[in-house]
Structure formats: C-alpha cells, structure tokens
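> A structural model of the following input is requested.
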Amino acid sequence: MTDTAQGPASGARAAQPDHLGHVVFITAAAAMGGFLFGYDSSVINGAVEAIRSRYAIGSATLAQVIAIALIGCALGAATAGRIADRIGRIRCMQIAAVLFTISAVGSALPFALWDLAMWRIIGGFAIGMASVIGPAYIAEVSPPAYRGRLGSFQQAAIVVGIAISQLVNYGILQFAGGDQRGRIGGLEAWQWMLGVMVVPAALYGLLSLAIPESPRFLISIGRKDRARKILEEVEGKGVDLDARVADIETAMHREHRSTFKDLLGGRLGFLPIVWIGIGLSVFQQLVGINVAFYYSATLWQSVGIDPSESFLYSFTTSIINIIGTVIAMTLVDRVGRKPLALVGSTGMAVALAVEAWAFSAPLVGGKLPHTQGVVALVAAHVFVLFFALSWGVVVWVFLGEMFPNRIRAAALGVAASAQWMANWLITASFPSLSDWNLSGTYIIYACFATLSIPFVLRFVRETKGKALEEMG
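Sure thing, here's the model as predicted:
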C-alpha cells in the first residue's frame, strides 16, 4: 500500500500533541468504561457465598448466576461496533453508562434469583459495549507514537476497577461484622456491594459529556471541520491536518463501513486477521485469569483460609495486577507487543503449573499443608503479575490496532464477543471442575498458557508505532 498514512504527507507517525495532558484526560475518561468493566466483573466475588446462602443453591446453579452476565457481555460486544458506527462512539459510551446504572440498582434490590440474573445480564451488556468502544475510541484519538501507552489505559482502568471493588467489598464486610449477609441500613452487605457501582456509572456518563467524538467517526458522517479540530487537539499543530483528514477520508471511501459480511472471505469463514483477533481474545481467557477475580475469596476459603483473610488476599492480588499493568504500560511502546506477550505466556505457564502442584496436596484438617499453602499463594500472585504485564494489556492494544479501517469496529466486536464467550466457559465451568479436581483444573489452564506461545510466534504481527491506516 502507499505510505500516505505515515509518510511525509501527513507526518502522523511523528505526531506530538501540543497538550499531552489533554489527550491523557480524553483517554482516561474513555477508559472509565474499563473501570466499570473491571468493577462489575469482580464485585460479584464478594457476594458469591451470600447468594448461595440466600437462595439455597448448589455450585452448578451458582456458577450460572455468576457467569450469566457474560452472556450479556458477548451480546454487548457483538453489537457495540455497529452501534458505534451508526450513532458515534460517545453516544455508545452514554448508553453503556445508563445500563451500568440500571444494573447496579436492580442487582442491589432483586426480588428473586431470576431477576438478579436479569440485572446481571443487563450489566454484562454494558460491559461488552465498554470492552469494544473503549479500545476502539482510544486507538482512534491517540497519536501513533503514544498509542500503546494510551491504549494500555483500558487495561489499567480494568485492574483499578477490580482492586477498588475488592477494597469496597472488604470495607462493607467490616461494617457488616464480617458477614456477607450482615445487615446495613436494611440491606444485606452483598446488596450494598452490588449497588455501590451506581457511583462510577454516573461518573462515566458525566465524563462522556466532556470528551470529543472520534475524528474518524466525524469524517464518516461528513463533519470534516470538527474532525480537523480534534486531530489538531490530539496530534498537534505540526501535523498536516488536511493531509491527515484526506488520509482517513481516502481510506473510508476505499473501504466502506464495517459489517459482519466484511469479516467473511477466508477458507475457514472469517478472514485470517479476524481469526487471529479471536485467538488472542480466547487465549487471554482460557488461561483462567478471571477465576482469580470471580472466585478468589471462595477459592482461598475452600483451602482453609479465614473469610476475612481471603478478602485481603483477593485485594493483594488486585494490587499485583495493578503493578503488572503499570510495568506493561511503560514497556509496550518500547519493547513492542509481541515480546511482552511471549514473556507473559512463559511466566503464566510456569506459575500455573506450580499452582497445580500445590493444590494436588491432600487437605489436612480442611487446609493445605503449610508449604503448599504458601506456594499456592505465591504462585497465584506470580500468575497474575505475568498476566498483567503482558496479555492483560497487549490484547486490548492489539485489538484496537490490528484490524484494517474497513473492518475495525465489526472485527473488534467479534473478537471481544469471543473473549466473553471464553470467559463464560471458564467462569461457568470452574466450580464443577474444582469439585472434580482443583489441581487438574490448573493443569488445563497451564496447557492453554503454553499453547499461546506458538500462536503468538506464528500468527501475530507486531503493530508497534504504525498508523492505523497502515493496517491491512
């Protein structure tokens, strides 16, 4: 292809925003959807045992209630691209904020198990939308030289949301005397845990009013003057704005608005690049990362750790998650996406294998032997660290960058939908698998971490430093 997107005509690759802080604010505001994504995904961790007790349900039914939100996630992810292409990225964020708010209120005040599940699906739909629109919007407003670091804001917001949800859960649990079903102001503790999400949901909606629309969407609907002003805001005056608008407009004229049909054409149905995106999404989940956030408190209690301490361990895991994400954010534009993914896969495979060994020990008095217990805790934290500094960040960066303009929104939606389906599979199967053989479950996760190494080496192309118009 020609070099118009990144060569001397526009200077996009060398773009240096005049006010980087403004670009960071825009990115952080958009990533608030990622915060809600992480918060809503993890907050249920604090309510698992209370829901089991209140509704007197077994492991299989409980798993479905926990995992059913992921069905909504898949639906939201599958439709968000088309919604965003029709009404804009900002409107899509605002719809997600409203759905998050409705879900939080409904989940906190359920009449029965069935409507709790319904509110979880609605919240899941919002998460799915946020998981697609956040990376796409951030990629579209970020200068190429900063896109990796700014794209990392999505995952950073997710892990901060996870950590804050654990901290809020712990605080509410203390107010309730350590009992998930303890009453505070007429509601049980777990209801407060689910309802507090109203606050960040409202903030997300307000922030979406303060940031500009994607210049690529504006050009697609003919608002080139406004797009030019936003490009000047985010890429700086040193860029030839007319050439940048022409680059994007030419790409859009050459390539029509993405639909599901545009993703078809390969021997296996989808285009090869779409399968690679799906593969990245699926491997990110099949290593079992969300078990650490949906079930960690229950998992540690099952091997003899006191409930209050289990919440503390869940929170420390979230802190490790944040540390790993910060490491990834500092390295993703320096060393590239592929090297981080390969280092992470190797570290996760080793940590998961060690965790499998620790959980293979027979319980003594309902607890793991001291040595295996310590090893299990350390390995769990090491696993989360390697995930956070690699796949947790680079997958979202890849998905925001790797697809050609003509299919980006639709392909990102399909890839994110596949991610949520894999997440559902892991989440719904874990209680039954752990009842069968906890050590064997972690061996399965270790195998997927190992398989991700040849997948990255063989199929994934580096996207570091390239303009979006170069992808194709």
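> When you work out contacts or count neighbours from here on, use the C-alpha atoms and nothing else.
Noted.
> list the buried ones in the helix or strand harbouring Val375?
Counting by DSSP states H and E, the element that carries Val375 is helix 370-388. Buried residues in helix 370-388, counted by 16 or more other C-alpha atoms under 10 Å: 372-373, 375-376, 379-388.
> Correct me if wrong: Phe386 contacts Leu340.
No. Applying C-alpha atoms under 8 Å, one finds Phe386 not in contact with Leu340, separated by 9.3 Å.
> joint contacts of those two?
Both Phe386 and Leu340 lack any common contact, where contact means C-alpha atoms under 8 Å, 6 or more residues apart in numbering.
> What's the first helix or strand after the host helix or strand of Ser42?
Assigned by DSSP H and E, Ser42 falls within helix 32-43. Sequence order places helix 48-55 as the next helix or strand after helix 32-43, per DSSP H and E.
> thought Thr79 was touching Leu412?
No. Under the criterion of C-alpha under 8 Å, Thr79 is not in contact with Leu412, lying 10.3 Å apart.
> more crowded one of these two?
Per other C-alpha atoms under 10 Å, whichever of Thr79 and Leu412 has more neighbours is Leu412, with 31 against 19.
> thought the more buried one was touching Gly400?
Yes. Between Leu412 and Gly400 there is a contact at 7.2 Å, judged by C-alpha under 8 Å.
> who touches both of the two?
Residues touching both Leu412 and Gly400 (C-alpha under 8 Å, 6+ apart): Ala136.
> what separates Trp192 from Pro110, distance-wise?
12 Å (C-alpha to C-alpha, to the nearest Å).
> and what of Ile127?
On the measure of C-alpha to C-alpha, Ile127 and Pro110 end up 20 Å apart.
> before we move on, what about Ala47?
From Ala47 to Pro110 the distance is 13 Å (C-alpha to C-alpha).
> Compare the two (neighbour count), which wins?
Higher neighbour count among Ala47 and Pro110: Ala47, with 24 against 15, using other C-alpha under 10 Å.
> quick one: the closest residue to that one other than its chain neighbours and Gly76, what's the gap?
Sequence neighbours aside, Trp190 is the residue nearest to Ala47 in space, at 5.0 Å (criterion: C-alpha to C-alpha, 6 or more residues apart in numbering). Distance of Trp190 to Gly76, given as C-alpha to C-alpha: 26 Å.
> same thing with Ala136?
Per C-alpha to C-alpha, Ala136 is found 14 Å from Gly76.
> So between those two, which is more surrounded?
More neighbours surround Gly76 than the other of Ala136 and Gly76, with 29 against 26 (other C-alpha under 10 Å).
> Enumerate every residue touching that one.
Counted by C-alpha under 8 Å, 6+ apart, Gly76 has contacts 124-129, 417.
> Please report how far Thr56 lies from Ile87.
Thr isn't right for residue 56; it's Ala. 44 Å.
> show me where the chain has strands.
With strands called from DSSP state E, the chain shows them at 183-184, 187-188, 264-266, 269-270.
> Confidence-wise, which of those is weakest overall?
Of all these, the minimum mean pLDDT falls on strand 264-266 (a mean of 69).
> Output the contacting helices and strands for the lengthiest helix in the chain.
For the chain, the longest helix by residue count, based on DSSP state H, is helix 408-459. Judged by 3 or more C-alpha pairs under 8 Å, 6 or more residues apart in numbering; DSSP states H and E, the packing partners of helix 408-459 are helix 59-67, helix 69-87, helix 113-141, helix 272-286, helix 291-294, helix 337-359, helix 391-401.
> And those, which one averages the lowest pLDDT?
Minimum mean pLDDT among the helices and strands packed on helix 408-459: helix 291-294, a mean of 73.
> By mean pLDDT, which helix or strand of this structure comes out lowest?
Every helix and strand of the chain was ranked by mean pLDDT, DSSP states H and E. The lowest is helix 296-302, at a mean of 64.
> Quick check: Ala379 vs Val350, distance?
To Val350, Ala379 is 9 Å away according to C-alpha to C-alpha.
> got TSV for the helices and strands packed on helix 408-459, with distance to Val456 too?
Below are the helices and strands packed on helix 408-459 laid out as TSV (distance: least, C-alpha to C-alpha, whole Å):
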stretch	distance to Val456
helix 59-67	28
helix 69-87	23
helix 113-141	20
helix 272-286	8
helix 291-294	23
helix 337-359	7
helix 391-401	11
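> Contact partners for Gly81?
132-133, 409-410, 412-413.
> If we use 6 Å, what do you get?
With C-alpha atoms under 6 Å, 6 or more residues apart in numbering as the criterion, the residues that contact Gly81 are 409-410, 413.
> Can you tell me, leaving aside adjacent residues, what's nearest to Val105?
Going by C-alpha to C-alpha, 6+ apart, Val105 has Gly195 as its nearest residue, at 5.5 Å.
> tally of neighbours for the one you found?
20.
> Next: the one 10 residues further on.
Residues lying near Gly205 (other C-alpha under 10 Å) number 23.
> go on, Val23?
22.
> Excluding covalently adjacent residues, which one is nearest to it?
Sequence neighbours aside, Val234 is the residue nearest to Val23 in space, at 5.7 Å (criterion: C-alpha to C-alpha, 6+ apart).
> ok, so what distance separates that neighbour from Glu462?
24 Å.
> Comparing these two, which residue is more hemmed in?
Val234 (24 against 14).
> Just the pLDDT for that one.
Per-residue confidence (pLDDT) for Val234: 78.
> and what of Tyr313?
Tyr313 is given a pLDDT of 68.
> do Arg181 as well
So, for Arg181, pLDDT stands at 85.
> For it, give its distance to Trp119.
As judged by C-alpha to C-alpha, Arg181 and Trp119 stand 20 Å apart.
> ok, those two, which is more surrounded?
Taking neighbours as other C-alpha under 10 Å, Arg181 and Trp119 compare with Trp119 leading, 25 against 20.
> so how far is Ala351 from that one?
As judged by C-alpha to C-alpha, Trp119 and Ala351 stand 35 Å apart.
> State the number of residues packed around Phe315.
With other C-alpha under 10 Å as criterion, Phe315 counts 24.
> Could you do Trp436 as well?
Count around Trp436 with other C-alpha under 10 Å applied: 11.
> again with Leu399
27.
> and what of His22?
There are 14 residues near His22, going by other C-alpha under 10 Å.
> Many thanks, I have nothing further to ask.
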